[in-house]
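>>> Next come a sequence and a model predicted from it.
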Amino acid sequence: MDNFYEQIVKQKLSPTARSVRLIILMLCPVIAFLMFWGVASCLAYNLSGLIIVIGLGGFAIGFGLYRVFTGFETEYEYTFTNGELDIDKIVAKRKRERVVSLKLREADINFRGKSLFCGKWYDGKNSVKLHFSGTKLGEITLHFDPNERLKECVNPYLKNKI
């Protein structure tokens with residue numbers, strides 16, 4: 001019988017990301033006012049051709065701000081299949097990349113080395129540390145945040161229980 005489970009963990013925003021998002025939110029009304037003022041000026045001076053340019057420019061600026069605003073949203077997807085743990089990083093629900101694929105039988109829980117953080121900000125409460133050697137990344141310690149169901153799936157494949 002195949003053993004399969006998926007979990008998605010949303011990463012908390014860093015203070016820098018929150019600051020950039022706040023600046024973008026404050027810029028939106030300013031840009032909207034400038035666009036309105038530009039359109040009103042074009043209408044007053046009978047420059048109807050510039051209205052299209054201002055509209056397209058405003059749309060491009062708005063789309064760019066939206067992409068930057070949502071670009072800070074990061075999720076990690078843990079996929080467990082028959083003793084293998086795959087971790088994917090999903091940025092803004094539009095870009096997915098494989099972070100690492102690991103065989104759990106090769107994991108050691110009690111090791112400190114080069115760290116790979118895949119989850120919420122590491123606070124030590126629910127995070128689990130697993131050490132892997134012989135991966136494409138070399139020797140790593142993986143910090144991740146599994147829920148109870150994923151822990152139940154992973155435990156039979158580990159030397160030590162988490």
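It's in. Residues are numbered from 1 along each chain as shown.

>>> By mean pLDDT, flag the weakest helix or strand of this protein.
The helix or strand of the chain with the poorest confidence is strand 115-118; it has a mean of 60 (mean pLDDT, DSSP states H and E).

>>> Break the protein down into its domains, please.
4-10+74-157, 15-70 (automatic domain parsing).

>>> Quick check: buried residues in stretch 68-76?
Neighbour-count burial for stretch 68-76 flags 69, 72-76 (criterion: 16 or more other C-beta atoms under 10 Å). For every residue, glycine as well, the C-beta is placed using N, CA and C.

>>> Dump the residues you listed to CSV, plus distance to L47.
Below are the buried residues of stretch 68-76 laid out as CSV (distance: C-beta to C-beta, whole Å):
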residue, distance to L47
F69, 31
F72, 38
E73, 40
T74, 44
E75, 46
Y76, 51
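
>>> Select from those residues every entry located in strands.
Among these, the ones falling in strands (DSSP state E) are 74-76.

>>> close enough to count as contact, A107 and T141?
No. The pair A107 / T141 is not scored as a contact, 10.0 Å apart, by C-beta atoms under 8 Å.

>>> which other helices and strands contact the longest helix seen in the chain?
The longest helix of the chain (DSSP state H) is helix 15-44. Packing partners of helix 15-44 (3 or more C-beta pairs under 8 Å, 6 or more residues apart in numbering; DSSP states H and E): helix 48-70.
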